[in-house]
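Trainee: With the sequence up front, the predicted model follows.
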Amino acid sequence: MASERQKFPETVLEIDLTALGHNYNYLTSKLKPETMLMGVVKAFGYGSDANAVAKELVQLGVDYFAVAYTPEGVALRDAGIETPILVLHPQPNNFETLIDRCLEPAIYSTRIFKAFVAIAEEKAQKNYPVHIKFNTGLNRLGFGENDVAWIHDALSETSSIKVRSIFSHLAASEDLNERDFTLQQITQFKKISEELIKKLNYRPFLHQSNTSAIINYPEAQFDLVRTGIGLYGYGNSPEEDNELRPVAKLTSVISQIHFIKPNESVGYNRSHIAKEHEKMATIPIGHADGISRQLGNNRGAVIIHGQKAPIIGNVCMDMIMVNITDIACEEGDMVTIIGENQSASTLALSMNSISYELLTAISQRVKRVVCRK
Ligand SMILES: *Cc1c(COP(=O)(O)O)cnc(C)c1O
């Protein structure tokens, strides 16, 4: 049992760079040799440690990075990352900083185009690299097919920017029931991008795939793929998950054990009432750390000595209480929230969610420890 004593006597998120390398190699093995890989490191590297992940990906040979917002790109530059960085959803108030830090904006509407060109011209830029985004059915961000002529005309009126890539995003690449829809998105992207390329006298690179598309739609590889969740060890199906290794492991420790009698309650609002004699443990992780209240009241569980300990009562801001009536354990023992016996996808299911939400919710209060296993 000594080995199950907590290595770190506190709540820790371990980031395994060896697992990251495995996932990177698995994903690149699915690509044509000439296809580039863009590592998506938005939202603190899907809740892990964006700087550590990005530095490792540079060593592994990543071609590009993507973040959602400008400050995320600035943080990577501050950490010494020199690889090109695409900012997927930049806001005009950050355009000056974006240019100062050599970040590359996605241009997704006429409003954003005009706003960016105004700043690029003001800052005397020539051929500043931008990425034109088209909406092919997700209906989230992007120009429409009818904007091609406008984009071309607007580009010919300025020398401040140059299109480095043209891209789009798939809505349901993980869902094989939506195969027809996805194929339609791929066809439409080909058509729109060819239309724009015909009007330019150079060829930007093209990209449309996220992680699940790498696996399900090799025909949508184009020149580059953007992969996020796969790098962190999760796919969107059990088959994909089997090939990948989770990078993040979330563990904690038993702070205190209580023995409670029938009819005693546990936690705020007394939402758990013991039916019999129960043994329970208090764990120093709560909703402020990313453990949603949705996981309370027996919906989620943690793992102690390989056994499931359901979360009882309401999740508090800084702690949870779990039922350990049938588990031999002591104060100070290790608790796994996300790890070998419980993946982020499995735990996320308990709150009707997906690995993406659970991982990115792990708050900055949780200590990160980078390791190689
Ligand atoms: C987040 C994001 C990705 C990465 O998607 P995964 O499913 O995590 O691989 C790719 N492209 C865009 C536009 C995104 O917003």
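Mentor: Everything's here; your move.
Trainee: If you drop the residues flanking it in sequence, what lies closest to Asp333?
Mentor: Leaving aside its chain neighbours, Asp333 sits nearest to Ile254 (5.0 Å; criterion: C-beta to C-beta, 6 or more residues apart in numbering). Every residue, glycine included, has its C-beta placed from N, CA and C.
Trainee: ok, and for the host helix or strand of Ile99, which residues are buried?
Mentor: Using DSSP states H and E, Ile99 falls within helix 95-100. For helix 95-100, burial by neighbour count (16 or more other C-beta atoms under 10 Å) applies to Phe95, Leu98, Ile99.
Trainee: Am I right that the second one is in contact with Pro105?
Mentor: Yes - A contact is recorded between Leu98 and Pro105 when judged using C-beta atoms under 8 Å, the distance being 5.9 Å.
Trainee: gap between the residue lying closest to Leu244 once chain neighbours are set aside and Ile338?
Mentor: Closest residue in space to Leu244, ignoring its immediate chain neighbours: Gly233 at 4.6 Å, by C-beta to C-beta, 6+ apart. Going from Gly233 to Ile338 by C-beta to C-beta, to the nearest Å gives 10 Å.
Trainee: Next, show the common contact partners of the two.
Mentor: Each of Pro246, Ala248 lies in contact with both Gly233 and Ile338 under the rule C-beta atoms under 8 Å, 6 or more residues apart in numbering.
Trainee: The residue nearest to Leu244: what's it in contact with?
Mentor: Taking C-beta under 8 Å, 6+ apart as the test, what Gly233 contacts is Ala19, Leu20, Asn23, Asp241, Leu244, Arg245, Pro246, Val247, Ala248.
Trainee: What pLDDT is listed against it?
Mentor: Gly233 carries a pLDDT value of 97.
Trainee: Count the residues that sit near the residue in the stretch 51-200 of the chain that the ligand sits nearest to.
Mentor: Closest approach of the stretch 51-200 of the chain to the ligand (C-beta to the nearest ligand atom) occurs at His169, with a separation of 4.2 Å. By the criterion of other C-beta atoms under 10 Å, His169 has 24 neighbours.
Trainee: helices or strands next to the helix holding Ile99 in the packing?
Mentor: Counting contacts by 3 or more C-beta pairs under 8 Å, 6 or more residues apart in numbering; DSSP states H and E, helix 95-100 is packed against helix 70-78, helix 110-122.
Trainee: doesn't Leu138 make contact with the residue of the stretch 51-200 of the chain closest to the ligand?
Mentor: Yes - assessed by C-beta under 8 Å, His169 is found in contact with Leu138 at 5.3 Å.
Trainee: For the one residue in the stretch 251-373 of the chain that gets nearest to the ligand, give its distance to Gln185.
Mentor: The ligand sits closest to Tyr356 of the stretch 251-373 of the chain, with a gap of 6.6 Å, by C-beta to the nearest ligand atom. Using C-beta to C-beta, we find Tyr356 at a distance of 20 Å from Gln185.
Trainee: who has more neighbours, these two?
Mentor: Gln185 (25 against 19).
Trainee: Return the backbone torsion pair for the residue nearest to that one when sequence neighbours are not counted.
Mentor: Distances taken as C-beta to C-beta, 6+ apart place Thr136 nearest to Gln185, at 4.4 Å, with adjacent residues excluded. With angles defined as degrees, to the nearest 10, Thr136 sits at phi -120, psi 20.
Trainee: If you tally nearby residues, what's the number for Thr136?
Mentor: 26.
Trainee: same check, this time on Thr18
Mentor: Around Thr18 there are 13 residues (other C-beta under 10 Å).
Trainee: Ok, Asp153 next?
Mentor: 10.
Trainee: Contacts only, for it.
Mentor: Applying C-beta under 8 Å, 6+ apart to Asp153 gives no contacts.
Trainee: swap the cut-off to 10 Å and go again
Mentor: Asp153 is in contact with Lys199, counting by C-beta atoms under 10 Å, 6 or more residues apart in numbering.
Trainee: tell me the pLDDT at it?
Mentor: Here, the pLDDT recorded for Asp153 equals 97.
Trainee: Regarding it, which helix or strand does it belong to?
Mentor: Assigned by DSSP H and E, Asp153 belongs to helix 148-156.
Trainee: For stretch 25-33, could you pull out the residues that count as buried?
Mentor: Tyr26, Leu27, Thr28, Lys30, Leu31.
Trainee: ok, now stretch 358-369?
Mentor: For stretch 358-369, by 16+ other C-beta under 10 Å, it's Leu358, Leu359, Thr360, Ala361, Ile362, Ser363, Val366, Arg368.
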